[in-house]
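Student: here is the input, now give the coordinates:
(one chain, ligands or ions: 1)
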Amino acid sequence: MRFATLSGRLHQVIAPGRVLDLNAASDGKLPADPQLAYERWDEVLAFAAGARPDGAHEASEETYGNPAPQPRQVFAIGLNYADHAAESDFAVPEHPPVFTKFVSSLAGPFGEIVMPEGHVDWEVELVVVIGRHAHRVSAEEAWSYVAGVSVGQDISERVLQSAGPAPQFSLGKSYPGFGPIGPVLVTPDELPDRDNLELGCLINGEQVQKGHTRDMVFPVPELIARLSAVTPLLPGDVLFTGTPSGVGLGRTPQRWLQAGDELVSYVRGVGEMRHRLVAPTA
Ligand code: ZN
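Tutor: This next block holds a predicted model:
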């Protein structure tokens, strides 16, 4: 099944461009707020599986917002693909490096991203949204705690990210708009192979990243096991799972996003986001 947020309300995507408001369709039984809906995800799935699409309406995908707009926790993983670790001049990690993108950096799947000063870089990522309270879960059962997956960009300003004395990953990756997610949340059962998804991104039509999630150093179940061994993962929490090679930092010469660039980010079988980079207004 596929879900989307429109005007802040959770919708089921019945068919491309055709959506059902789940709060209205359930006569108010299901919450309209997507973050509250993740608290009752089993109920949402049960209702959506049997929902009669009479009340569905047309809505172009460009109107979809972030399907997980107000998580209580956002986890992000660095260096989770060996080829990206290599281009970043790091060894393949023995433990997943974890940071956060502050919630105010999250954004929708279409629109403008305002660039701060510095070196603004791209990182397409598979995003996982948690659907059940997960504490000390094993890798074997981890997927059953996932509400769905989506497309994400871990936009990063590299100067601040690497400013000493210790790296500032969380801050350098948290300017407003630096965490777009969307356009849809896809339940894992909808995917032919949830452990091997192609992801990539293009700048002005030129493909700059292309990878496969089977190449993760720590696959999604392993990440959930390791994170939940320490921190309970809460319904609606967001996990950015790391980026494959092809970022601007790892190029010779290095390349950064420019005002006017169009950034297209996709996970095949899940969705595609489209953003325009813009200069700050003085
Ligand atoms: Zn990243």
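Student: tell me how far residue 177 lies from the ion.
Tutor: 15 Å (CB to the ion, to the nearest Å). In this view, the C-beta of every residue, glycine as well, is placed from N, C-alpha and C.
Student: I'd guessed that residue sits against residue 109; true?
Tutor: No. Residue 177 is not in contact with residue 109 according to CB atoms under 8 Å; the separation is 11.6 Å.
Student: for the residue of the stretch 101-250 of the chain found nearest the ion, give me its contacts.
Tutor: Going by CB to the ion, the ion is nearest to residue 154 of the stretch 101-250 of the chain, at 3.4 Å. By CB atoms under 8 Å, 6 or more residues apart in numbering, the contact list for residue 154 reads 76, 101, 123, 125, 173, 178-179, 240, 243.
Student: format those as TSV; extra columns: pLDDT.
Tutor: Formatted as TSV, these follow (pLDDT from 0 to 100):
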residue	pLDDT
76	98
101	98
123	98
125	98
173	98
178	98
179	98
240	98
243	97
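Student: show me these that map onto helices.
Tutor: Using DSSP state H, no member of those falls in helices.
Student: so which of the residues you listed belong to strands?
Tutor: Among the contacts of residue 154, the members found in strands (DSSP state E) are 76, 125, 179, 240.
Student: the second one touches residue 239, doesn't it?
Tutor: Put plainly, it is residue 125. No. Counting by CB under 8 Å, residue 125 sits too far from residue 239 to count as a contact (9.3 Å).
Student: what residues do these two have in common as contacts?
Tutor: The contact lists of residue 125 and residue 239 share residue 76, where a contact means CB under 8 Å, 6+ apart.
Student: pull the number of nearby residues for residue 269.
Tutor: Other residues near residue 269 number 14, with proximity taken as other CB atoms under 10 Å.
Student: so it versus residue 262, what's the distance?
Tutor: 22 Å (CB to CB, to the nearest Å).
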